[in-house]
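K.L.:
Need coordinates for the following:
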Amino acid sequence: MAMNQALLGEFDHEMANTRKSLERVPDGKFDWKPHKKSMSMGALAAHIAFIPHWGKLTLDTPNFDVNPPGGQQARPPELKTKADVLAFFDKNVPEARAAIATASDQAMMTPWTLLNGGKAVFTMPRIGVLRAMIMNHMIHHRAQLGVYLRLNDVPVPSIYGPSADETGM
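P.N.:
Model prediction:
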């Protein structure tokens, strides 16, 4: 089985679960933070909605510099409402999926580099970037969002099994 085909089922499952979590973000809580060092709920939701874009970027480019010398630092978009977050996520997911669906095994094994200020942060095969920096990164922040939702008495969706708020699946 081709690497891209092995990844697509998991990608679809995780994106659907992520969307369920983003659907719960209340518009009136975009500025809410559990701690002064934490991202706001709106910034976290925007970050999560942006992660699929990196999947396409990973497959379309040999590298990405988050803070290119002489250029502008990469910044996530400022999304102000749940509708904005969902629309951005819904735009990025099919683009990332299409890039994965058409990637050859050779493309998946091609090294990709994340740079900061022109210096390599890491280099790994694109398949590793998709697993670690896209899928696992999204799952990490989705769990963080689940805590934010719980602390605001917003029902947490079932992800891998029932949540305390959704006993049936």
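K.L.:
In contact with the residue most central in space within the chain, which residues?
P.N.:
Against the mean C-alpha coordinate of the chain, by C-alpha atoms, centre = their mean, the closest residue is Ile51 at 2.9 Å. Counting by C-beta atoms under 8 Å, 6 or more residues apart in numbering, Ile51 makes contact with Asn92, Ile134, His137, Met138, His141. Placement of C-beta: from N, CA and C, glycine included.
K.L.:
State the helix or strand in which Leu115 lies.
P.N.:
Leu115 is part of strand 111-116, with elements assigned from DSSP states H and E.
K.L.:
from the chain's centre, how far out does that strand sit?
P.N.:
A distance of 18 Å separates the centroid of the chain from that of strand 111-116, by C-alpha atoms, centre = their mean, to the nearest Å.
K.L.:
residue at max distance from the center of this protein?
P.N.:
When distances are taken from the C-alpha mean of the chain, Gly70 lies farthest, 27.2 Å away, according to C-alpha atoms, centre = their mean.
K.L.:
Contact partners for that residue?
P.N.:
For Gly70, no residue meets the contact criterion (C-beta under 8 Å, 6+ apart).
K.L.:
Between the contacts of Ile51, which sits nearest Gly161?
P.N.:
When these are ranked by distance to Gly161 (C-beta to C-beta), Met138 comes first, at 18.6 Å.
K.L.:
burial measure for the closest one, as a count.
P.N.:
With neighbours defined by other C-beta atoms under 10 Å, the count for Met138 comes to 24.
K.L.:
Surely it and Ile48 touch.
P.N.:
Yes - the pair formed by Met138 and Ile48 meets the contact definition of C-beta atoms under 8 Å, at 6.3 Å.
K.L.:
Show me where this protein has its helices.
P.N.:
For the chain, the helices defined by DSSP state H cover 3-22, 41-60, 82-102, 105-109, 126-129, 137-151.
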